[in-house]
Every structure is written in structure tokens, then in C-alpha cells.
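whatever this is, show me its structure:
(chains A, B, C and D)
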There are 2 protein chains.
Amino acid sequence: MPKKRILPYIILGILDQNPGSTGKFITNQFKNEIGEFWKASHSQIYPELKKMVEDDWIKQTSDSNNEKEKYYHLTNLGKEKLNSWIDIPINALPVVEDLFSLKLFFIQDPNDPRISTLVNKQLNLLEKQLDHLNDREKILFDTQEKRNKNYGYYLILERAISRLDNQIKWLKTIKQR
Amino acid sequence: MPKKRILPYIILGILDQNPGSTGKFITNQFKNEIGEFWKASHSQIYPELKKMVEDDWIKQTSDSNNEKEKYYHLTNLGKEKLNSWIDIPINALPVVEDLFSLKLFFIQDPNDPRISTLVNKQLNLLEKQLDHLNDREKILFDTQEKRNKNYGYYLILERAISRLDNQIKWLKTIKQR
DNA sequence: ATCTGCATGTAATGGGTTACATGATTTC
DNA sequence: GAAATCATGTAACCCATTACATGCAGAT
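Reported below is the predicted structural model:
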């Protein structure tokens, strides 16, 4: 018995916000919007879409002008599934896989030179990502109106930024001990 | 080609810090110490230990007093593997799976009552965990000497606490918007 | 008309979770 | 010495990643 399936619910959520999305669009949502909180690649998404059509969670249409693209929409069943999923209480903490912290964990000596190598490299990585997210926020949510229109997205983008910021600040404190 | 194997390296790191550990002990390390940054269950760990013995990364001994327990130690090859792994630069950001943020993402209306339900529940969850980690820190690292002896562990425990703290503070700001 | 790229799809391989199973050791 | 617990081990099942594959669309 494998771990609980989350992917179809995320796809439902994306389709709820963007009716008529293509598989490609959904894939991109994972890269850009959701990537901070969940990962999925196109080779997971396409088969999942197929299965969701079979289960009548979504329906597929196509456009006579563009044969290769397929468009997906929620069914009523899909809407129900999405809403009841959102209402299921969350009992588990977020799961983090953080190689950096692991490696740090294995270095016991405070004077080990590998610490500062690791830290500097990680700082670099995180600062780039922070810049990227700050840019996105400026573009997407420069007005209150935009924020209110996609409130959930606004919130988690803020969350991602705050998280990165905290991480960077913490890393900088290590360097000064 | 599947995703990159991390587990054996983590086990190497645990055995480096705790020579002669049992599989059970390693399992508990994942629950207590490492759980904030990586997950693994005993049903992964035992087969992995077997494989690592076959590959001569670790060796296994036993105790005539207790037939059921097996004790593991690094080999020289294992030490090399561990050290070269630590030196591999990290190019990927930490991976987070956060159901809470996902669900939030799908709620677009700032006045949707489900937001505060979600937030309150999550706050509760995180605060419990923060208390738990704060307790651990007090017990394990109340003196500078203890900190210096297991510096890496001290750092990531601090990291975990800081992260939780940031998350909680951020959640509280949502409630006031 | 060919080339390039894009959207979709599939396969191979190994990872990971949950549940079940076994034998030793402690407990009462 | 029976019962409960503990440490270890195994199996079924699905998940996820990477690489490969196909066919249409647009560009030149």
C-alpha cells in the first residue's frame, strides 16, 4: 500500500482556476507557481490526466484548429472531489528534503572548513531563487486588486519568499559564529 | 533512470557519528534527529544495510549476548564514499511538500472562511512541533561544550526551529489581513 | 518542403509506503 | 512459561524520475 495520492487533487485545483488548460500548461504551473510546494513532471501529468478522464473527474475537449492540444475541464464530480479534499484536515507536517542540512549534520567539528564552503554555495543558490521570486511578486501582484483576485496564490508566493528570506538570514548567522 | 539515491549516504553519516549502531537505532535517528530534513522507514533501512554490507561500505558484527541485534560500522571504503558525497556541490533547492500551502493556493477568495480554518489548524500543528524542538534543544545543547561536540546537529536543530518560527509568525500575519 | 520545436505520450528502472511476518527477549 | 514487546525482515503495490518516442505546427 503506497503513499497517498495528491497529484490528481492538485490538477483539479489547477483546472478549477484555469478551465480549459492543456497538459503543457499544467506542467508549467508546477514549474512556476506550485514548484515551491510540490513537484511533478509532465510524464506524471499526462497519464494522470488520462486516468482522471476515465474516472470522470475531468473532461477533455479539443480544438479543430489545433489537433495536438487537448483541453481539460472539471466535471461536477471533479469539483466535489476538489472541495472535499480541501476540507480534509491536515495532520502531518510539511515534508522537507534538504541535502544541505543533511550534509551539515554530518560535520561535527565547528572548525571544519567544509562548513563555510557549503554555506557560501547554499547562500548563492538561495539568493538567486529569492531574486527570482521577488521579481515574480512585483510583476504579478503590484496592485491590491491583483492580490485579491488570486489571493491563495499571492499568499503562498509571500510564504515562499518569507521562507527563503529566513533561510538566508539564518545562513548568514552561521558565518559569524 | 530513477531519482538519485541519498539514503545510503545518510546511513553512512549516521554510522560515522555512531559506530556500532543497530538498524533500529538508525531508524530512530530518522524519527528524531534527521526527520526534519529527510524521511526513511525501517522497511527501507534494513534492506539498504544489507546491500551496503554486500558493497563493502559497512561491516556487520554481532554480540553473543544478544543474537537478534546487529551492529554496523563504516569500512574505509564507506568513509571515502561519505566524504566524497559531502563534497559534491548541491545544485538543487530543498524540496518541500506542503499540503497546507497547496490547499491555500486553491482558495482564491480572500473572504473564504476555509482560510481561517486551515490557518488555525496549521498553527496548532506547528506550535506543537516547535515546543517539541525547543525542548530537545534545551536538553541536548544547554552548554557550549555540547554544542561544539555535535556542531552539525546543533546547527540543523537551530535551523529547524528557526524555520518553524518563521512559518508560525507568517501564519499569524495572515490572520490579521 | 524541410527543419525545428512543441505538446503529448511511453518505457525502464528503481524508490518508498503500508502491511504483514518472524524470531528473540523481556515482563509479569 | 505465557504474553507482550522489540528488532529485524519481507511483500505488494504504486510513485516518480529520466530517457526515449511520436506526430503536428510554424518558420524559413
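
where along chain A do the strands fall?
Using DSSP state E, the strands of chain A run over residues A:58-63, A:66-74, A:95-97.

a markdown table for those, including mean neighbour count?
C-beta here means a position set from N, CA and C on the backbone, and glycine is covered the same way. A markdown table is the format used below for the strands of chain A (neighbours: other CB atoms under 10 Å in any protein chain shown):
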| stretch | mean neighbour count |
| --- | --- |
| strand A:58-63 | 14 |
| strand A:66-74 | 15 |
| strand A:95-97 | 16 |
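
what residues sit buried inside the longest helix seen in chain A?
Counting residues, the longest helix found in chain A (DSSP state H) is helix A:114-140. Residues A:115, A:118, A:119, A:122, A:123, A:125, A:126, A:129, A:130, A:133, A:137 are the ones in helix A:114-140 that count as buried (16 or more other CB atoms under 10 Å in any protein chain shown).

again with stretch A:36-52
So, applying 16+ other CB under 10 Å, buried residues of stretch A:36-52: A:36, A:37, A:38, A:40, A:45, A:48, A:49, A:52.

indicate the residue of chain A located nearest to DNA strand D.
residue A:43 (3.1 Å; CB to the nearest atom of the strand).

before we move on, back to that, intersect the buried residues of stretch A:36-52 with the contacts of chain B.
Among these, the residues that sit close to chain B (CB under 8 Å from any CB of the partner chain) are A:36, A:37, A:38.

quick check: the second one touching residue A:156?
Think residue A:37. Yes - the pair residue A:37 / residue A:156 is scored as a contact, 6.5 Å apart, by CB atoms under 8 Å.

what do these two both touch?
B:101, B:102, B:105 (CB atoms under 8 Å, 6 or more residues apart in numbering or on different chains).

which of these fall in helices?
B:101, B:102, B:105.

can you put those residues in a markdown table and add neighbour count, pLDDT and distance to DNA strand D?
A markdown table is the format used below for those (neighbours: other CB atoms under 10 Å in any protein chain shown; pLDDT from 0 to 100; distance: CB to the nearest atom of the strand, whole Å):
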| residue | neighbour count | pLDDT | distance to DNA strand D |
| --- | --- | --- | --- |
| B:101 | 24 | 95 | 16 |
| B:102 | 21 | 95 | 13 |
| B:105 | 28 | 92 | 17 |
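
packing partners of the lowest-mean-pLDDT helix or strand in chain A?
Least confident element among the helices and strands of chain A, by mean pLDDT, DSSP states H and E: strand A:66-74 (a mean of 87). For strand A:66-74, the elements it packs on are helix A:7-17, helix A:23-32, helix A:42-54, strand A:58-63, judged by 3 or more CB pairs under 8 Å, 6 or more residues apart in numbering or on different chains; DSSP states H and E.

can you put those in CSV and add distance to residue B:110 and mean pLDDT?
Listed next are the helices and strands packed on strand A:66-74 as CSV, based on distance: least, CB to CB, whole Å; pLDDT from 0 to 100:
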stretch, distance to residue B:110, mean pLDDT
helix A:7-17, 15, 96
helix A:23-32, 21, 95
helix A:42-54, 29, 95
strand A:58-63, 27, 89
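
same list (the ones you listed) but as TSV, adding distance to residue B:19.
Listed next are these as TSV, based on distance: least, CB to CB, whole Å:
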stretch	distance to residue B:19
helix A:7-17	41
helix A:23-32	42
helix A:42-54	41
strand A:58-63	54
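
out of these, which comes closest to residue B:176?
helix A:7-17 (25.6 Å; CB to CB).

how about the closest one, which residues are buried there?
A:8, A:9, A:10, A:11, A:12, A:13, A:14, A:15, A:16, A:17.
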